[in-house]
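**Student:** here is a sequence with its predicted model. Questions after.
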Amino acid sequence: MTKVRLEFRNVAKRFPAQRKSGDIVTAVEHLDFALAEGEVVSIIGPSGCGKSTLLNMGSGLDPASSGEVFVDGEKVVKPNEHVAFMLQKDLLLPWRTIRENVEIGLEIRGVSAREREPISLSLLKRCRLGDFVNHYPHQLSGGMRQRAALARTLAVDPAVLLLDEPFSALDAQTKMVLQQDLGQMLGETGKTALFVTHDLVEAIALSDRVLVMSQRPGRIVKEIVIDIPDRPNPMERRKSPKVGPYVADLMSLLHIDEAVV
Amino acid sequence: MMAGSLALFVVFLAAWEWGPALTGIPPFIIPPASQVWNSFLRMLANDQLMYHTAITAFQVVIGFILGMILGMVVGFILGMSPTAEFILSPYILALQIAPKVAFAPLFVIWFGYTVYPKILVAVLIVFFPVMINVLGAVRAIDPDIVRLAKSFNASRTQVFWKIEFPASLPPFFAGLRIAATLAVIGVVVGEIVGGNTGLGYLLTYGEGSGNTAMVFVTIIMLTIIGILLYGAIVMIENRVLHWLPGRMRPA
Ligand SMILES: Nc1ncnc2c1ncn2[C@@H]1O[C@H](COP(=O)(O)OP(=O)(O)O)[C@@H](O)[C@H]1O
Ligand SMILES: [Mg+2]
């Protein structure tokens, strides 16, 4: 039995009506799934279907309207040290050096400077930013900044990583390089990750499974297990002949949902 | 560049010295540079010029610091509390539009010929650019950055010191630069309206006795106070905001 790291039990999220006349918006509902230790699962779905909402509930920043989210068997009610998230925006603080940015989570948690330093330095080295530890964010390229954001996410040593379209602002080549970095890091560290993307090939190349969501109210309509070996190597996985059929599958799944609306 | 500025200064001094005589402008309208210099030396010896300058500078600095602290604190409070800003915004707007120097006579009535009315005008005049800039900076912070900090379990105090405070510094310093020049105006108006000390007093004294050179000297001293204050702020700003793009010192 592998350990369950992240679990959604019949979770729904409803937002109050924006205007007096409006109805309550159900963003997502009937979310019922689990991630085992070390699993990487992607979520794809039309924009506005509630992918970010789902991740926010996982991080404990926004409570679920009904149902429960568990991380390591503990019910998530507020931000906790088991989870860390990463967004499309790098959210690096311009007045902090790259190293200081990577350390911010540890700093907030009260880890001493002496203990922080080896952690951030070794992560930055592994994210190929060893020569840029004392640079400021504006001195780095978009891809490097996003690698720094990844290092910041990993620095707090979370059990689960929640990634919300982290590479969608990058150009195609940079993106592939970062996917490779992420795949390798996840493989080496054995971290569990829930990865939101709208890039079908990205989802396939990086994950063990892909969950497909419907239009709002977002539900999980399909789970596709990606049967391609060597998950820590997305670059090679992309070249697999199985990718084409998976993409076709996902395309038809997303098209069906568009036709319904 | 430097040489150009210096050359221009020499040309300016020459024009000042001989220009009025050549164009027939009498010395009581524009006294030549040498006369202003002599007047400066005379005022040093006989009119306690340095004492008056120190009084004015003291009021400027105190008013500036108090206005800066008040502007920052109120800016943060309003920036963090949309409700407070909503309730107070009409009053703040009215007070911001009101010409602050017009309060000088009122403050003199209240506090007499003391340093307080002058400091108060400076506080009032410094307060607004600082407050508005800090408020705007707090508002402009990406809420996702705050969420990131909260995801690391940051306390309210940590969010303030690690995010809101540093994020507000660039606009804060921009506000201080504006405030530095305004602070001098505030104090001088206070002194002109009611006082028997300070450069503003020397201005009215010079005017009353028809001593144009004295007025010139006083204006120059006021400008020097303004320049020193502005320069000090720029110096501190360059140290504090060394991380700003385009302000990095070459390694
Ligand atoms: N704070 C909120 N208040 C009201 N509605 C919201 C809020 N956040 C998200 N929504 C709505 O919930 C739906 C899902 O949003 P989101 O999770 O951002 O979608 P996705 O990330 O899949 O593009 C959207 O229709 C959005 O309008
Ligand atoms: Mg989203």
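**Tutor:** Everything's here; your move. Numbering: from 1, shown residues only, chains lettered A, B, ... in the order given. Ligands and ions are numbered 1, 2, ... in the order given.
**Student:** check contacts around residue A:32.
**Tutor:** The contact partners of residue A:32, taken as Cβ atoms under 8 Å, 6 or more residues apart in numbering or on different chains, are A:8-11, A:220. (Each C-beta comes from the backbone N, C-alpha and C, glycine too.)
**Student:** which element is the residue nearest the centre of chain B on?
**Tutor:** Nearest residue to the geometric centre of chain B (Cα atoms, centre = their mean): residue B:180, 2.1 Å. Applying DSSP states H and E as the criterion places residue B:180 in helix B:165-193.
**Student:** run the angle between the helix or strand just after that helix and helix B:165-193 for me.
**Tutor:** Going down the chain from helix B:165-193, the next helix or strand is helix B:199-208, by DSSP H and E. Interaxial angle, helix B:199-208 versus helix B:165-193 (axes from the mean of the first three to the mean of the last three Cα atoms, to 10 degrees): 30 degrees.
**Student:** tell me the helices and strands packed up against helix B:199-208.
**Tutor:** Under the contact definition 3 or more Cβ pairs under 8 Å, 6 or more residues apart in numbering or on different chains; DSSP states H and E, helix B:199-208 sits against helix B:49-80, helix B:165-193, helix B:212-240.
**Student:** tell me the buried residues in the second one?
**Tutor:** Same thing as helix B:165-193. B:165-176, B:178-180, B:182-193 (16 or more other Cβ atoms under 10 Å in any protein chain shown).
**Student:** next, the angle from that helix to helix B:49-80.
**Tutor:** Using the same axes, to 10 degrees: helix B:165-193 against helix B:49-80 is 140 degrees.
**Student:** quick one: helix B:165-193 near chain A?
**Tutor:** Yes. Shown here: helix B:165-193 in contact with chain A (Cβ under 8 Å from any Cβ of the partner chain) through B:166-167, B:169.
**Student:** show me where chain B dips below the pLDDT cut-off.
**Tutor:** Chain B contains residues with pLDDT under 70 at B:248-251.
**Student:** interface residues of it facing chain A?
**Tutor:** Checking chain B against chain A by Cβ under 8 Å from any Cβ, the hits are B:142, B:144-145, B:147-154, B:158, B:162-163, B:166-167, B:169, B:241, B:243-245, B:248.
**Student:** got a quick ChimeraX command for the buried subset of the residues you listed?
**Tutor:** The ChimeraX selection below is limited to those of the residues of chain B next to chain A classed as buried (16+ other Cβ under 10 Å):
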select /B:145,147,148,149,150,151,152,153,154,158,162,163,166,167,169,243,244
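**Student:** so which of the residues of chain B next to chain A are in helices?
**Tutor:** Judged by DSSP state H, helices contain the following of the residues of chain B next to chain A: B:144-145, B:147-151, B:158, B:166-167, B:169.
**Student:** can you pick out the most distant pair from these?
**Tutor:** B:151 and B:169 (24.0 Å; Cβ to Cβ).
**Student:** chain center to the helix or strand containing residue B:109, what's the gap?
**Tutor:** Element membership for residue B:109, per DSSP H and E: helix B:104-111. Taking Cα atoms, centre = their mean, to the nearest Å, one finds helix B:104-111 lying 20 Å from the centre of the chain it belongs to.
**Student:** got it, and stretch B:4-18?
**Tutor:** Using Cα atoms, centre = their mean, the offset of stretch B:4-18 from its chain centre is 27 Å.
**Student:** which residues of the stretch 101-250 of chain A lie near chain B?
**Tutor:** A:104-105, A:107-109, A:136, A:138-139, A:156.
**Student:** show me which of the residues you listed are buried.
**Tutor:** A:104-105, A:107-108, A:136, A:156.
**Student:** and those residues as JSON lines, adding pLDDT?
**Tutor:** Output for these, formatted as JSON lines (pLDDT from 0 to 100):
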{"residue": "A:104", "pLDDT": "96"}
{"residue": "A:105", "pLDDT": "95"}
{"residue": "A:107", "pLDDT": "96"}
{"residue": "A:108", "pLDDT": "95"}
{"residue": "A:136", "pLDDT": "96"}
{"residue": "A:156", "pLDDT": "94"}
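**Student:** widest-spaced pair of those?
**Tutor:** Most distant of those, by Cβ to Cβ, are A:136 and A:156, 21.8 Å apart.
**Student:** buried stuff in stretch A:203-221?
**Tutor:** If you call a residue buried by 16+ other Cβ under 10 Å, then stretch A:203-221 has these buried ones: A:203-220.
**Student:** how many neighbours does the residue nearest to residue A:193 when sequence neighbours are not counted have?
**Tutor:** Distances taken as Cβ to Cβ, 6 or more residues apart in numbering or on different chains put residue A:161 closest to residue A:193, at 4.2 Å, once the chain neighbours are dropped. For residue A:161, the neighbour count with other Cβ atoms under 10 Å in any protein chain shown is 24.
**Student:** so residue A:161: helix, strand or coil?
**Tutor:** strand (DSSP: H, G, I helix; E, B strand; the rest coil).
**Student:** tell me the confidence at residue A:56?
**Tutor:** Note on residue A:56: pLDDT of 92.
**Student:** and it, how far is that from chain B?
**Tutor:** Here the criterion is Cβ to the nearest Cβ, to the nearest Å. By it, residue A:56 lies 8 Å from chain B.
**Student:** please tabulate the ones in helices among the residues of chain B next to chain A in TSV, including the columns distance to ligand 1.
**Tutor:** Listed next are those as TSV, based on distance: Cβ to the nearest ligand atom, whole Å:
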residue	distance to ligand 1
B:144	12
B:145	17
B:147	12
B:148	17
B:149	19
B:150	15
B:151	16
B:158	24
B:166	27
B:167	23
B:169	30
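**Student:** nearest to residue B:10 among these?
**Tutor:** Once Cβ to Cβ is applied, the member of these that ends up nearest residue B:10 is residue B:169, at 39.6 Å.
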